[in-house]
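Trainee: sharing a model that was predicted from the sequence below.
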Amino acid sequence: MSRFIIRRLAMMLLVLFLISVITFLLFAAIPNGNPALRLAGRNSTATEVHQIEVLYGFNKPIYVQYGRMMKNIFTGQATSYVQGFNVVDQIKHDLPATLSLAIGAGIIWMVASIIVGTLAAIRAGRHTDRVLTVLSMIGVSFPPFFLGAIFIYFLGYKANLFPVGGYVSFATSPSQWLHHMILPWITLSVLFIGFYSRVLRSTILDTMNEDFVRTATAKGLSHQQVLRRHILRNSLIPIIALFGLDMGQVIGGGAILTETVYNLHGVGQLFAQAIGLLDNVTVLVCSMLIAFTVVLLSAFTDIFYAVLDPRIRLGA
Amino acid sequence: MATTTSETGTQFSTDLPAALAQEEVAAGTGPWRLAWRRLRRNKTALFFGGLFIVIVVLCLLAPVYARDIAHIGPATENITGSNLNKCPPTCVGPTDIPVGPSWNISSYFLGADSLGRDVAVRLLYGGRNSLEIGAVATIITMILAMILGVAAGFLGGVADNLINLILDVTWAFPVVLLGIVLGTLIATSGIGPLHSTTLMSTALIIGVVYFPYVAKPIRAQVLSLRQREFVDAARQQGLGNVRIMFSEILPNLASTIVVFIPLILANAILLEAALTYLGAGVQPPNASWGTMLSDGISTIPAAFHDVLAPGIMLVLTVLSINIFGDGLRDALDPRSKVRIAH
């Protein structure tokens, strides 16, 4: 078991290293992206550009620059050449908005998916199931920024029920925080509810055929008890694994569309803006953050599975 | 179970091939014929398949509509109404608010956008571009996934480890993020022959971003196919690796590949809109549903029909592909039919 965990964690480190190298190279390879030229400004002389190159080490070999960048990131000193802020501090500043979005939406989409998925499964093939299937299909087909635009227009501008965007921290005003977060939560959840409820529905239908369910029914448990204690408990495992991965993405800034349409100023929006400005340092730190949360949570998911199911660690 | 979701609605499962591999074939009837029979019974899937075809045909007829009915091009601006006398009295009013739908098929049917362009004409032209990008991206994804998935699964060893590593690295990036990194690079500086002006660069990005989600399940299925007797038999007959991959392995992957095509197409169309909304996809003056949505969202609350028209078309298209694709999967995977019977 410990060998499996060590191997999985080593793989995780390798993937993280490769992601940092690839992102670094991609942005170093931009022909007109010379950071010294951009820093020096339009009317700079060649000597000024050279001085900046020496100051920031842009004239050093690429692997030296990479090492320097990694050192800066891990000591919290990475500064954006383009936007002028300390990237690690900026991420710390933007993280509460992203975390608020992730946690609130996560609770909504998990609870709703379990209700919808279970209902569709126990009514499989009937009208309720068909309606829920079409609804979840519609949910999966809606781009978050279109759904967000509809909410902002009808509930924000027309009905004046919700603010049209922005983020208010919980510490400033809990009620305003809630008021600002409700629409983003629902917008982000719709997509996941559509997908998770479909996965849960088919897992439940699979589990219903298992021997232990027949045994539970045979020993006289009621339908309710069999559903709650045996079927649902087993069927939730894949959903929880999915949940771990998706949370990793959203916490790392993956809810970029929802954050942008509601102007939440979270990590995802920071990332999107940094890319538009060709801000390679911010992009690098953000990609490493998101890769880190995704890879870490997927490693945990694999280990969690291996603990539960010995076939996985033997087969791997 | 390795499945992932993203903001663009990705829904992939590596469990799929296991289910497909167990497909039972009744004596005398081929699996494709059986699948077609099952699909024919699924009226919902057929309806939405038909809807998708209608949308495609409408979008292909964009030039006909523009020339013979609306008499205005997709990029013709008409701010003052002087360009044509059709837009009463001006397409974009003094407060910069474009006119709403006229519901008159021959003149600004769905209204104008903030530059006075005909939304209905742009909707069809934009749809043509969105569908084209989606189709090309799907082809790129499927080809890349087939080559790498089959090579990794069949060759094993070093090749498998290397390809798996590539897949893992790409997988760790959320699709939208990888898409905007590549899209911005191409839009600002170009990579080789690719520039922002070509729609195909967006298609290429989307194709590359999605291929791991297909390559992984293909690899998993090839791993199990490799152990089967008919592969041993082919090897006994003296067939080489390449020959076995093409004539023994690939035909057995057909149903998996068919199931993935609508899934990738729907997601590719969604990703095009997402990338364009974030400024890393289709660049103006090209029309696509993504550019129209992004233009429309920037003018909220002045003219909401600019958002609704491309948004509804986008959702209808993706929804019809998704529901048809779902029916297709049910038809090709009899196990799921058995499940519904319970």
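Mentor: In hand now; what should we look at? Residues are numbered from 1 along each chain as shown, chains lettered A, B, ... in the order given.
Trainee: now residue A:24. Nearest residue, chain neighbours left out?
Mentor: Once flanking residues are discounted, residue A:24 sits nearest to residue A:66: 5.4 Å by Cβ to Cβ, 6 or more residues apart in numbering or on different chains. Just so you know, the C-beta spots here come from the backbone N, C-alpha and C atoms, and that holds for glycine as well.
Trainee: now that neighbour: how far from residue A:77?
Mentor: Relative to residue A:77, residue A:66 is positioned 15 Å away (Cβ to Cβ, to the nearest Å).
Trainee: which one of the two has more residues nearby?
Mentor: residue A:66 (17 against 12; other Cβ atoms under 10 Å in any protein chain shown).
Trainee: after the helix or strand in which the more buried one is found, heading C-terminal, what element do we hit next?
Mentor: In the assignment (DSSP states H and E), residue A:66 maps to helix A:62-74. Where DSSP H and E defines the elements, the next helix or strand beyond helix A:62-74 is helix A:87-122.
Trainee: where along chain B do the strands fall?
Mentor: Using DSSP state E, the strands of chain B run over B:3-4, B:12-13.
Trainee: pLDDT at whatever residue of the stretch 51-200 of chain B ends up closest to chain A, what is it?
Mentor: Using Cβ to the nearest Cβ, the closest approach of the stretch 51-200 of chain B to chain A is made by residue B:174 at 4.1 Å. Listed pLDDT for residue B:174 reads 73.
Trainee: quick one: neighbours of it, just the number.
Mentor: 31.
Trainee: and if you look at residue B:66?
Mentor: 20.
Trainee: number of nearby residues for residue 57?
Mentor: All of this refers to chain A. Number of residues near residue A:57 (other Cβ under 10 Å) recorded here: 13.
Trainee: the chain in question should be chain B.
Mentor: Residue B:57: 9 neighbours (other Cβ under 10 Å).
Trainee: now residue A:107
Mentor: Residues near residue A:107, counting by other Cβ under 10 Å, number 12.
Trainee: got a list of what it touches?
Mentor: Residue A:107 makes no contacts at all, as judged by Cβ atoms under 8 Å, 6 or more residues apart in numbering or on different chains.
Trainee: quick check: it vs chain B, distance?
Mentor: 16 Å (Cβ to the nearest Cβ, to the nearest Å).
Trainee: and residue A:160, how far from chain B?
Mentor: Counting by Cβ to the nearest Cβ, the gap from residue A:160 to chain B is 11 Å.
Trainee: which helix of chain B spans the most residues?
Mentor: Across chain B, the helix with the greatest residue count (assigned by DSSP state H) is helix B:119-155.
Trainee: tell me which strands and helices that one is in contact with?
Mentor: Using 3 or more Cβ pairs under 8 Å, 6 or more residues apart in numbering or on different chains; DSSP states H and E, the elements in contact with helix B:119-155 are helix B:43-60, helix B:62-64, helix B:157-172, helix B:199-225, helix B:241-244, helix B:254-277, helix B:289-298, helix B:305-332.
Trainee: who are the packing partners of the second one?
Mentor: In this case it means helix B:62-64. helix B:119-155.
Trainee: the longest one too?
Mentor: Judged by 3+ Cβ pairs under 8 Å, 6+ apart, helix B:305-332 is in contact with helix A:127-141, helix A:144-151, helix B:31-41, helix B:43-60, helix B:119-155, helix B:254-277, helix B:289-298, helix B:334-340.
Trainee: can you tell me the closest non-neighbouring residue to the residue nearest the centre of chain B?
Mentor: Chain B has residue B:265 as the residue nearest its centroid, 2.3 Å off, counting by Cα atoms, centre = their mean. When the adjacent residues along the chain are set aside, residue B:265 lies closest to residue B:138, with 4.7 Å between them (Cβ to Cβ, 6+ apart).
Trainee: my read is that that neighbour contacts residue B:264, right?
Mentor: Yes: look at residue B:138 against residue B:264 with Cβ atoms under 8 Å: they come within range, at 4.7 Å.
Trainee: these two: which has the busier surroundings?
Mentor: The neighbour comparison of residue B:138 against residue B:264 (other Cβ under 10 Å) goes to residue B:264, with 28 against 25.
Trainee: that one and residue B:144 touch, don't they?
Mentor: No: checked against Cβ under 8 Å, the pair residue B:264 and residue B:144 is beyond contact range at 11.1 Å.
Trainee: for chain A, name the helix or strand with the lowest mean pLDDT.
Mentor: Within chain A, no helix or strand scores below helix A:310-315, which has a mean of 56 by mean pLDDT, DSSP states H and E.
Trainee: which residues touch residue A:228?
Mentor: With Cβ under 8 Å, 6+ apart, residue A:228 has no contacts at all.
Trainee: can you give me the distance of it to chain B?
Mentor: 18 Å.
Trainee: how about the secondary structure of that residue?
Mentor: What DSSP: H, G, I helix; E, B strand; the rest coil gives for residue A:228 is helix.
Trainee: quick check, pLDDT for it.
Mentor: Per-residue pLDDT puts residue A:228 at 85.
Trainee: what about residue 63, neighbour count?
Mentor: No chain was given, so I picked chain A. Neighbours of residue A:63 (other Cβ under 10 Å): 10.
Trainee: sorry, I should have been clearer: chain B.
Mentor: As a burial measure, residue B:63 scores 14 neighbours (other Cβ under 10 Å).
Trainee: over to residue B:228?
Mentor: Count around residue B:228 with other Cβ under 10 Å applied: 13.
Trainee: quick one, what contacts it?
Mentor: With Cβ under 8 Å, 6+ apart, residue B:228 has no contacts at all.
Trainee: just for chain A, where's the confidence low?
Mentor: Applying pLDDT under 70 to chain A flags residues A:29-43, A:308-316.
Trainee: coming back round to it: tell me which of the helices and strands packed on helix B:305-332 lies nearest to residue A:7.
Mentor: Closest to residue A:7 of those, according to Cβ to Cβ: helix B:119-155, at 18.7 Å.
Trainee: buried residues in stretch A:97-109?
Mentor: A:97, A:98, A:100, A:101, A:102, A:104, A:105, A:106, A:108, A:109 (16 or more other Cβ atoms under 10 Å in any protein chain shown).
Trainee: dump these to a markdown table, plus distance to residue A:216.
Mentor: Putting the buried residues of stretch A:97-109 into a markdown table (distance: Cβ to Cβ, whole Å) gives the following:
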| residue | distance to residue A:216 |
| --- | --- |
| A:97 | 45 |
| A:98 | 42 |
| A:100 | 41 |
| A:101 | 40 |
| A:102 | 36 |
| A:104 | 36 |
| A:105 | 34 |
| A:106 | 31 |
| A:108 | 31 |
| A:109 | 29 |
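Trainee: for those residues, which one is nearest chain B?
Mentor: Of all the buried residues of stretch A:97-109, chain B sits closest to residue A:109, with 9.7 Å by Cβ to the nearest Cβ.
Trainee: how close does residue B:57 get to residue B:106?
Mentor: Relative to residue B:106, and taking Cβ to Cβ, residue B:57 is found at 20 Å.
Trainee: nope, residue A:180 is what I meant
Mentor: Counting by Cβ to Cβ, the gap from residue A:180 to residue B:106 is 45 Å.
Trainee: okay, these two: which has more neighbours?
Mentor: Taking other Cβ under 10 Å, residue A:180 and residue B:106 do not tie; residue A:180 has more neighbours (22 against 13).
Trainee: near chain B, which residues of the stretch 1-150 of chain A show up?
Mentor: Contact residues, the stretch 1-150 of chain A versus chain B (Cβ under 8 Å from any Cβ of the partner chain): A:11, A:14-15, A:18-19, A:22-23, A:26-27, A:30-33, A:124-125, A:130, A:134, A:137-138, A:140-146, A:149-150.
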